[in-house]
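Asker: Just to be clear, the model below is a prediction. Sequence and coordinates:
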Protein chains: 2
Amino acid sequence: MVTASPQPIFVLVEPQMGENIGAAARAMWNFGLSSMRIVSPRDGWPNAAAVAMASGAGRLLEDARIFNSTAEAVADCQIILATTARSREMTKRVLTPEAAMTEARAYARQDTRVAVLFGPERAGLSNADVTLADAIISVPVNPEFPSLNLAQCALLCAYEWQRLDTGNVEADLPERALSEDVGRLLTHLIGELDTTGFFFPAPKRESMVANIENMLRRAPLTDADVRTLRGVVRALTEGPKRQK
Amino acid sequence: MVTASPQPIFVLVEPQMGENIGAAARAMWNFGLSSMRIVSPRDGWPNAAAVAMASGAGRLLEDARIFNSTAEAVADCQIILATTARSREMTKRVLTPEAAMTEARAYARQDTRVAVLFGPERAGLSNADVTLADAIISVPVNPEFPSLNLAQCALLCAYEWQRLDTGNVEADLPERALSEDVGRLLTHLIGELDTTGFFFPAPKRESMVANIENMLRRAPLTDADVRTLRGVVRALTEGPKRQK
């Protein structure tokens, strides 16, 4: 029986440094992923260095399940995606993190369990492990410098998982002033400028006024901005205050 | 004159650990970004720990330019984006890395120079630095665990820059003024307002100045806009011209 699992499981295969296991846990939890499995960690388990690095993501390590082989670790999963840096002589689809997490999201929606494999720091996944996979995830890095480490690769996959959460991030836009209030500011400013003889020569007045209006209309002004600007115009016009 | 710059410049503001500078260089170069600037690195420059960590991305450090202030570091840039974890009480647009790099790509296509600011490891960017920015980049992390470090944040921004390399969509964006020219306008305006006694009472001066700076930095000002506004300030200050 397959239990519904709305999140991909990140499987670290034979990780070497505890620090990297902890950093991968942090990377996952930064984007809300919490299900980690580990195959034959080199330095045994639990691992103090991993815990120290994980800090606030320590719960992922406590809950991590440990396996003796990759095949066992993914036995109850349905879709297996293998991260690799090198291209392999295998006839498997090669997906970007974006494409892979798009598929993972689609599978998750139908309660299909997805595992993402990450290889050991130096060698990467063995061909045998990649063979277990449905498809390969390859981050399109600079070919002159393809040096992503384990935690960075996990970070990018987790980031894409989160980014593709269709309920896209609510835009956080400032509340804008009413058009008519910007209009009053313009009337005030243009009036004062007329008094100073700013619009010179006269035939250019129309285009100069239009420029100023365009500039202020294009600026994303709030109510407070409009009040400030009215105060600025008044202050500059009136000049230094009389000291009594 | 603005020289064509097809890539965003990553500006590390007061980075503390050399290792993090090196890791940021690696993250950039993984995705083909090579232009780094550094403001007041805590441990001086050059930094052996940074070089050791950067390994194959060492050239970025050799080419990095060092500045004494954020304003100087972005003086010749036109669009400034500030990465922050915390939300700020500022009326600036908050962009995901995806949205920010989409805009950066559009600006790059028209040779507009974009800087991305990254703050010190512990505190993040100061409000004064964020004030310099057109918009904020905030990675939508797990609110229970928002723990991205400097290099991870740089990695995600660089990744998005690379991912969005579609060569699509011609943008028609106005040519933007240099940051330093907007700075001169602000100095002029604030100076005149000081003369008038606008900033009253005195304890409120700092926040009032910040409000004005935020408003003008947020407005998408062109060179012509900046010239116009300087003229406006001058005209309002000098008052009606003598008729001879």
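Answerer: Structure received. Numbers count the residues shown, from 1 in each chain, chains lettered A, B, ... in the order given.
Asker: which non-adjacent residue is nearest the residue in chain A positioned nearest to chain B?
Answerer: Closest approach between chain A and chain B, counting by C-beta to the nearest C-beta: A:A219, at 3.4 Å. Backbone N, C-alpha and C define where each C-beta goes, glycine included. Distances taken as C-beta to C-beta, 6 or more residues apart in numbering or on different chains put B:A219 closest to A:A219, at 3.4 Å, once the chain neighbours are dropped.
Asker: what comes up buried for the longest helix seen in chain A?
Answerer: The single longest helix within chain A, with elements called by DSSP state H, is helix A:179-196. Under the neighbour-count criterion of 16 or more other C-beta atoms under 10 Å in any protein chain shown, helix A:179-196 has A:D181, A:V182, A:L185, A:L186, A:L189, A:I190, A:E192, A:L193, A:T196 buried.
Asker: residues touching the last one, list them.
Answerer: The contact partners of A:T196, taken as C-beta atoms under 8 Å, 6 or more residues apart in numbering or on different chains, are B:A235, B:L236, B:E238, B:G239, B:P240, B:K241.
Asker: ranking the residues you listed by neighbours, who comes first?
Answerer: Within those, neighbour counts (other C-beta atoms under 10 Å in any protein chain shown) peak at B:L236, which reaches 24 neighbours.
Asker: Mind telling me what element it is part of?
Answerer: For B:L236, the element it lies in under DSSP states H and E is helix B:223-238.
Asker: how far off helix A:179-196 does that helix point, in degrees?
Answerer: Relative orientation of helix B:223-238 versus helix A:179-196 (axes from the mean of the first three to the mean of the last three C-alpha atoms, to 10 degrees): 60 degrees.
Asker: Just the mean pLDDT for helix B:223-238, thanks.
Answerer: Mean pLDDT, helix B:223-238: 94.
Asker: Give me the packing partners of it, helices and strands only.
Answerer: When contacts are defined as 3 or more C-beta pairs under 8 Å, 6 or more residues apart in numbering or on different chains; DSSP states H and E, helix B:223-238 sits against helix A:179-196, helix A:205-218, helix A:223-238, helix B:179-196.
Asker: Run the chain-centre distance for the last one.
Answerer: Read that as helix B:179-196. 19 Å (C-alpha atoms, centre = their mean, to the nearest Å).
Asker: just the CA coordinates of that helix, formatted as PDB?
Answerer: What follows is helix B:179-196, C-alpha atoms only, in PDB (Å, rounded to 0.1, in the frame of the first residue of the first chain):
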ATOM      1  CA  SER B 179      22.300  56.100  -9.000                       C
ATOM      2  CA  GLU B 180      24.900  58.800  -8.200                       C
ATOM      3  CA  ASP B 181      23.000  61.400 -10.200                       C
ATOM      4  CA  VAL B 182      19.800  60.600  -8.200                       C
ATOM      5  CA  GLY B 183      22.100  61.000  -5.200                       C
ATOM      6  CA  ARG B 184      23.100  64.500  -6.300                       C
ATOM      7  CA  LEU B 185      19.500  65.500  -6.800                       C
ATOM      8  CA  LEU B 186      18.700  64.300  -3.300                       C
ATOM      9  CA  THR B 187      21.600  66.200  -1.800                       C
ATOM     10  CA  HIS B 188      20.500  69.300  -3.600                       C
ATOM     11  CA  LEU B 189      16.900  68.900  -2.500                       C
ATOM     12  CA  ILE B 190      17.600  68.000   1.100                       C
ATOM     13  CA  GLY B 191      20.000  70.900   1.400                       C
ATOM     14  CA  GLU B 192      17.400  73.400   0.200                       C
ATOM     15  CA  LEU B 193      14.800  71.900   2.500                       C
ATOM     16  CA  ASP B 194      17.200  72.200   5.400                       C
ATOM     17  CA  THR B 195      17.500  75.900   4.600                       C
ATOM     18  CA  THR B 196      13.800  76.300   4.800                       C
END
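Asker: That helix to helix B:205-218, inter-axis angle?
Answerer: Using the same axes, to 10 degrees, helix B:179-196 lies at 140 degrees relative to helix B:205-218.
Asker: Now do the contacts for A:V139.
Answerer: Going by C-beta under 8 Å, 6+ apart, A:V139 touches A:T83, A:A85, A:T96, A:P97, A:L148, A:C153, A:L156, B:Y159.
Asker: The third one and B:G32, how far apart?
Answerer: Just to be clear, that refers to A:T96. In this view, A:T96 and B:G32 are 15 Å apart by C-beta to C-beta, to the nearest Å.
Asker: next one: A:F199
Answerer: On the measure of C-beta to C-beta, A:F199 and B:G32 end up 49 Å apart.
Asker: Point to the helix or strand of chain A where mean pLDDT is at its lowest.
Answerer: Least confident helix or strand of chain A, by mean pLDDT, DSSP states H and E, is helix A:205-218 with a mean of 86.
Asker: Just the buried residues of that one, please?
Answerer: Residues A:M208, A:V209, A:I212, A:M215, A:L216 are the ones in helix A:205-218 that count as buried (16+ other C-beta under 10 Å).
Asker: elements contacting that helix?
Answerer: Counting contacts by 3+ C-beta pairs under 8 Å, 6+ apart, helix A:205-218 is packed against helix A:179-196, helix B:223-238.
Asker: Need those in TSV (columns: distance to A:D129).
Answerer: Below are the helices and strands packed on helix A:205-218 laid out as TSV (distance: least, C-beta to C-beta, whole Å):
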stretch	distance to A:D129
helix A:179-196	61
helix B:223-238	57
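Asker: Identify whichever of the ones you listed lies nearest to A:P120.
Answerer: Closest to A:P120 of the helices and strands packed on helix A:205-218 is helix B:223-238 (C-beta to C-beta; 54.6 Å).
Asker: buried stuff in that closest one?
Answerer: By 16+ other C-beta under 10 Å, the buried positions in helix B:223-238 come out as B:D225, B:V226, B:T228, B:L229, B:V232, B:V233, B:A235, B:L236, B:T237.
Asker: all strands of chain A, in order?
Answerer: For chain A, the strands defined by DSSP state E cover A:9-13, A:36-39, A:65-67, A:79-83, A:93-95, A:114-118, A:135-137.
Asker: Now A:R218: closest residue in space, sequence neighbours ignored.
Answerer: Closest to A:R218 by C-beta to C-beta, 6+ apart is B:P220, at 6.1 Å.
Asker: Correct me if wrong: that neighbour contacts A:R217.
Answerer: No - counting by C-beta atoms under 8 Å, B:P220 does not reach A:R217; the two are 11.3 Å apart.
Asker: circling back: for burial, what's the neighbour tally of the residue of chain A closest to chain B?
Answerer: For A:A219, the neighbour count with other C-beta under 10 Å is 18.
Asker: can you pull the contacts of it?
Answerer: Contacts for A:A219 (C-beta under 8 Å, 6+ apart) come out as A:D225, B:M215, B:R218, B:A219, B:P220, B:L221.
Asker: Pull out the buried positions in stretch A:116-132.
Answerer: Residues of stretch A:116-132 classed as buried by neighbour count (16+ other C-beta under 10 Å): A:V116, A:L117, A:F118, A:G119, A:P120, A:G124, A:L125, A:D129, A:V130, A:L132.
Asker: among the strands of chain A, which is nearest B:L60?
Answerer: Nearest of those to B:L60, taken as C-beta to C-beta: strand A:79-83 at 25.2 Å.
Asker: quick check: mean pLDDT across the closest one?
Answerer: Strand A:79-83 carries an average pLDDT of 92.
Asker: Restrict stretch A:92-105 to CA atoms and write it as CSV.
Answerer: Provided in CSV are the C-alpha atoms of stretch A:92-105 (Å, rounded to 0.1, in the frame of the first residue of the first chain):
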residue,chain,number,x,y,z
LYS,A,92,16.8,8.4,-19.8
ARG,A,93,15.2,11.8,-20.1
VAL,A,94,17.3,14.6,-18.7
LEU,A,95,15.3,17.2,-16.9
THR,A,96,16.1,20.6,-15.5
PRO,A,97,15.2,21.1,-11.8
GLU,A,98,12.2,23.2,-13.0
ALA,A,99,10.9,20.4,-15.3
ALA,A,100,11.6,17.7,-12.7
MET,A,101,9.7,19.6,-10.0
THR,A,102,6.9,20.4,-12.4
GLU,A,103,6.5,16.6,-12.8
ALA,A,104,6.9,16.0,-9.1
ARG,A,105,4.1,18.4,-8.4
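Asker: Many thanks, I have nothing further to ask.
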